[in-house]
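J.: Sequence plus predicted model, see below.
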Amino acid sequence: MKNAIEIDSLSKTFSSGKKALQNISLSIQAGEMVALIGASGSGKSTLLRHMAGLMVGDKAAAGSVTVHGRNVQKNGKVAKDIRSVRSDIGFVFQQFNLVGRLPVIVNVLTGTLHRVPMWRSLMRWFSEKEKAGGIEALRRVGIAECWAQRASTLSGGQQQRAAIARAMVQGAKVVLADEPIASLDPESSRKVMDILARINREDKCTVVVSLHQVNVAIKYCPRTIALHHGVVVYDGPSAGLTPAVLRGLYGAEADDILSLGDHISSLEDKAKPVPNRIWAVPLTRVA
Ligand SMILES: Nc1ncnc2c1ncn2[C@@H]1O[C@H](COP(=O)(O)OP(=O)(O)OP(=O)(O)O)[C@@H](O)[C@H]1O
């Protein structure tokens with residue numbers, strides 16, 4: 001199988017001196033659905049942003065990122081044709097990144113702007129075929145009836161689904177989702193995760209999704225990459241996130257967690273009040 005994402009020797013040190021990523025090398029095959037987990041501040045967002053070329057790594061580390069064989073960044077420099085490379089990459093943000101005053105359909109169709117001439121993107125002029133494509137994407141995420149509403153009038157979960165529809169019309173081969181369910185209720189979270197799983201399965205999209213909840217990673221993603229202080233401390237089957245691995249991730253605090261139970265709850269279980277079901281507790285609270 002072809003590699004969708006390849007990262008080699010990537011490090012990131014912010015001007016504050018914070019080493020957010022430390023010598024990351026990994027590859028993700030086309031069609032994989034991979035969870036990126038780790039406590040708050042472990043480097044998940046920073047790594048996803050580097051994958052999309054929204055940030056560049058340390059020049060001295062001579063790291064590189066390629067997506068579907070195309071250079072995204074190398075030696076601390078973003079690729080010259082990054083706009084074109086990015087047209088293959090859909091980025092889903094925790095806070096949706098929609099333009100609230102514009103109709104949902106216009107937000108979704110901005111996913112096609114890389115394919116249309118400049119004058120049309122400035123005028124926001126879309127063909128009937130493009131509009132139909134936008135409506136179809138909205139139908140697939142279950143909110144076609146909202147197409148004419150201002151984006152700001154949608155619920156958080158609906159806005160996130162519109163953001164995924166935008167990545168769909170973009171025709172992204174790789175979707176990077178940065179904590180897409182962090183600000184959603186359990187039911188909306190389930191819908192968003194189901195949609196990401198569907199575009200992975202039906203559209204053969206490679207999906208990398210950062211999550212705080214280990215149970216969600218186990219439920220949806222066959223593979224998990226875990227970060228701790230900018231270092232990859234686990235990369236393997238999500239089902240292999242054993243207590244020992246979690247101890248490695250979270251040190252002594254993991255013992256408190258493990259003493260509370262070993263049941264891996266589903267997202268549906270999370271919606272019910274289950275006291276001390278620690279697998280359903282976001283990692284931020286325990287790290
Ligand atoms: N622009 C920046 N300048 C300086 N430090 C930064 C910057 N952005 C992130 N950091 C630091 O880099 C580290 C990694 O941050 P990052 O946002 O990638 O973590 P995260 O795992 O996504 O966290 P969270 O789960 O809270 O979103 C943190 O210590 C953060 O404070």
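T.: Alright, I've got the coordinates. Numbers count the residues shown, from 1 in each chain.
J.: right, and residue 88 touches residue 66 too?
T.: No - counting by Cβ atoms under 8 Å, residue 88 sits too far from residue 66 to count as a contact (11.3 Å). All C-beta spots, glycine's among them, are computed from the backbone N, C-alpha and C.
J.: after whatever helix or strand residue 163 lives in, next one along is what?
T.: Taking DSSP states H and E as the definition, one finds residue 163 inside helix 156-170. Using DSSP H and E, the helix or strand that follows helix 156-170 towards the C-terminus is strand 174-178.
J.: Check which helices and strands that following strand sits against.
T.: Packing partners of strand 174-178 (3 or more Cβ pairs under 8 Å, 6 or more residues apart in numbering; DSSP states H and E): helix 44-51, strand 89-92, helix 156-170, helix 186-202, strand 206-211.
J.: packing partners for the last one?
T.: Right, strand 206-211. So strand 206-211, by 3+ Cβ pairs under 8 Å, 6+ apart, packs with strand 3-13, strand 19-29, strand 33-37, helix 44-51, strand 174-178, helix 186-202.
J.: Out of the ones you listed, flag the one nearest residue 165.
T.: When these are compared by Cβ to Cβ, helix 186-202 sits nearest residue 165, at 8.8 Å.
J.: CA-only coordinates of the closest one in CSV, if you can.
T.: The C-alpha coordinates for helix 186-202 follow below in CSV (Å, rounded to 0.1, in the frame of the first residue of the first chain):
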residue,chain,number,x,y,z
PRO,A,186,-21.5,12.9,23.3
GLU,A,187,-24.2,12.5,20.7
SER,A,188,-22.7,15.1,18.3
SER,A,189,-19.3,13.6,18.9
ARG,A,190,-20.6,10.2,17.9
LYS,A,191,-22.0,11.6,14.7
VAL,A,192,-18.8,13.4,13.8
MET,A,193,-16.7,10.3,14.5
ASP,A,194,-19.1,8.2,12.5
ILE,A,195,-18.8,10.6,9.5
LEU,A,196,-15.0,10.6,9.7
ALA,A,197,-15.1,6.8,9.7
ARG,A,198,-17.5,6.8,6.8
ILE,A,199,-15.3,9.0,4.6
ASN,A,200,-12.4,6.8,5.5
ARG,A,201,-14.3,3.7,4.5
GLU,A,202,-16.4,4.9,1.6
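J.: what is the rounded mean pLDDT of that helix?
T.: Helix 186-202 shows a mean pLDDT of 94.
J.: got the angle for that helix vs helix 156-170?
T.: Computed by axes from the mean of the first three to the mean of the last three Cα atoms, to 10 degrees, the angle separating helix 186-202 from helix 156-170 equals 10 degrees.
J.: ok, residues contacting helix 186-202?
T.: Contacts to helix 186-202, defined as Cβ atoms under 8 Å, 6 or more residues apart in numbering, come from residues 31, 33, 140-142, 155-157, 160-161, 164, 167-168, 175, 177, 180-181, 184, 205-207, 209, 216, 219-220, 267-268, 270-271.
J.: Any idea how far it is from the middle of the chain?
T.: With Cα atoms, centre = their mean, to the nearest Å as the basis, helix 186-202 stands 12 Å off its chain's centre.
J.: Could you do stretch 184-199 as well?
T.: Using Cα atoms, centre = their mean, the offset of stretch 184-199 from its chain centre is 12 Å.
J.: can you pull the buried residues of that stretch?
T.: The neighbour-count check on stretch 184-199 (16 or more other Cβ atoms under 10 Å) flags 184, 186, 188-193, 195-197, 199 as buried.
J.: quick revisit: what subset of the contacts of helix 186-202 is buried?
T.: Among the contacts of helix 186-202, the ones that count as buried by 16+ other Cβ under 10 Å are 31, 33, 140-141, 157, 160-161, 164, 167-168, 175, 177, 180-181, 184, 205-207, 209, 216, 219-220, 267, 270.
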